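1. Quick one, fold the following:
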Amino acid sequence: MSRIGRMPVEIPAGVEIKVDGHTVTVKGPKGELTREFPQAISIKQEEGKIEVSRPNDEKETKALHGLTRALLHNMVVGVTTGFEKKLEINGVGYRAAKQGSTLTLSLGYSHPVIMEDPEGVTTDVPDQTHIIVRGIDKELVGQHAANIRSKRGPEPYKGKGIKYDYETIRRKVGKTGK
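-> Coordinates of the predicted model:
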């Protein structure tokens with residue numbers, strides 16, 4: 001049995017969950033999320049918790065069991081506290097600016113990189129070298145942060161580029177002269 005899948009998802013106060021077949025809608029103080037789950041997994045709502053179960057022990061069904069429970073948990077956490085990813089910009093002249101829902105990045109290219117916030121995700125720029133991506137959908141937050149990072153990933157020689165705040169860049173030694 002899946003250790004993750006076996007654990008029930010606790011429903012905190014102020015969160016409404018509606019299970020309609022294999023479609024689950026979660027409403028909370030931060031917003032509303034809807035997701036459709038695979039037919040092989042059954043989702044039952046009891047008082048204060050959600051139970052996820054599987055009909056057999058096939059390899060694919062076992063994988064979907066833990067995945068379904070993790071996705072449900074992420075939906076509940078998203079509508080109560082939300083998710084955020086922090087990015088750092090390193091490099092001389094590299095900076096970020098925010099105007100409305102537009103994020104403008106100066107990353108050493110001949111032009112500024114302009115990015116629009118997708119629906120359901122917001123970006124904050126507390127100072128020129130830090131970006132915070134926030135939202136209620138963990139998947140969208142992670143994807144938008146990855147898109148921002150991909151505009152100029154960190155390079156190993158000087159460490160210039162955009163990196164996650166928890167990330168450490170493995171530095172390489174440059175050329176040596178004779």
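2. How about residues contacting the helix or strand of the chain with the lowest mean pLDDT?
-> Lowest on mean pLDDT, DSSP states H and E among the helices and strands of the chain sits helix 3-6, with a mean of 83. Identification of contacts with helix 3-6 by CB atoms under 8 Å, 6 or more residues apart in numbering yields V52, S53, R54, K62, H65, G66, T68, R69, A70. Where C-beta positions appear, they are placed from N, C-alpha and C, glycine not excepted.
3. Please report how far the second one lies from H65.
-> Per CB to CB, to the nearest Å, S53 is found 8 Å from H65.
4. more crowded one of the two?
-> Ranked by neighbour count (other CB atoms under 10 Å), S53 and H65 place H65 first, with 24 against 14.
5. quick check, that one in a helix?
-> Yes - according to DSSP: H, G, I helix; E, B strand; the rest coil, H65 belongs to a helix.
6. Would you check that it makes contact with I41?
-> Yes - contact criterion CB atoms under 8 Å: H65 and I41 qualify, at 6.1 Å.
7. Mutual contacts of these two, please.
-> Contacts common to H65 and I41, judged by CB under 8 Å, 6+ apart, are V52, S53, R54.
8. Does Y157 touch R171 like I think?
-> Yes - counting by CB under 8 Å, Y157 touches R171, with 7.3 Å between them.
9. Can you report how many residues neighbour T34?
-> 12.
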